[in-house]
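Participant: model this:
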Amino acid sequence: MDEAANKELSKEDKDRFEKQLHDMAVMVERLENSRQKLLMEIDSQSSEIERLFEENYNIWASYEEATVVVVQWQNQVLKFTQMNICYLRGNLQKNKSRVEELSAEVMKLSAQLQHAVQAYNGLARMYKPVFRNIESSLMKMKQDGSQNPMNGDKLYRF
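Facilitator: Numbers count the residues shown, from 1 in each chain. Next up, the predicted model:
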């Protein structure tokens, strides 16, 4: 009976071992599926990381390029600003000189005008009595000539 019990035990052990082996095979298959899924996810994540690194490098390169352009523009703006300031200062100085010239010309013309007015006033004072005299003589001659029609040609003799 011992032998039959050993056989039976071994059949029980065998069934139990087969069940355990089957369960382990199912577990290994599940683990292998999970492992494959994890490997696929790792590959996907690696591809995404690689893509992000490349995108980051491109953004950095664009940033560096834009920084160089900004510096160039800043330098050009500074250069043009300095040139404009120099140009404006030169124009201001030139215009200031022109204003001074025109101011001197205005003063000169004012002095000439003042001399001309004084000369006119002097001449007017000097010749006004003479012109009044001539005017009154002519009026008198006209009155004399209109009273004596025969002496009409006296108007033209001096």
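
Participant: average model confidence for the one helix or strand Leu78 maps to?
Facilitator: Taking DSSP states H and E as the definition, Leu78 sits inside helix 2-147. Helix 2-147 carries an average pLDDT of 90.

Participant: which helices and strands sit right next to it?
Facilitator: Of the remaining helices and strands, none touches helix 2-147 by 3 or more C-beta pairs under 8 Å, 6 or more residues apart in numbering; DSSP states H and E. All C-beta atoms are positioned from the backbone trio N, CA, C, and that covers glycine.

Participant: how far is it from where the chain is centred?
Facilitator: Using C-alpha atoms, centre = their mean, to the nearest Å, the mean C-alpha position of helix 2-147 is found 6 Å from that of the whole chain.

Participant: before we move on, what about stretch 135-151?
Facilitator: 86 Å.

Participant: which of the residues in it are buried?
Facilitator: By neighbour count with 16 or more other C-beta atoms under 10 Å, stretch 135-151 contains the buried residues Met141.

Participant: and Arg132, how far is that from Ala124?
Facilitator: 12 Å (C-beta to C-beta, to the nearest Å).

Participant: typo on my end, it should be Tyr87
Facilitator: 53 Å.

Participant: repeat for Lys140
Facilitator: 23 Å.

Participant: over to Gly145?
Facilitator: From Gly145 over to Ala124 (counting by C-beta to C-beta), the distance is 30 Å.

Participant: which pLDDT value does the model give Leu155?
Facilitator: Leu155 is given a pLDDT of 49.

Participant: just Asn151 next, same as before
Facilitator: Asn151 is given a pLDDT of 52.

Participant: alright, calling it a day.
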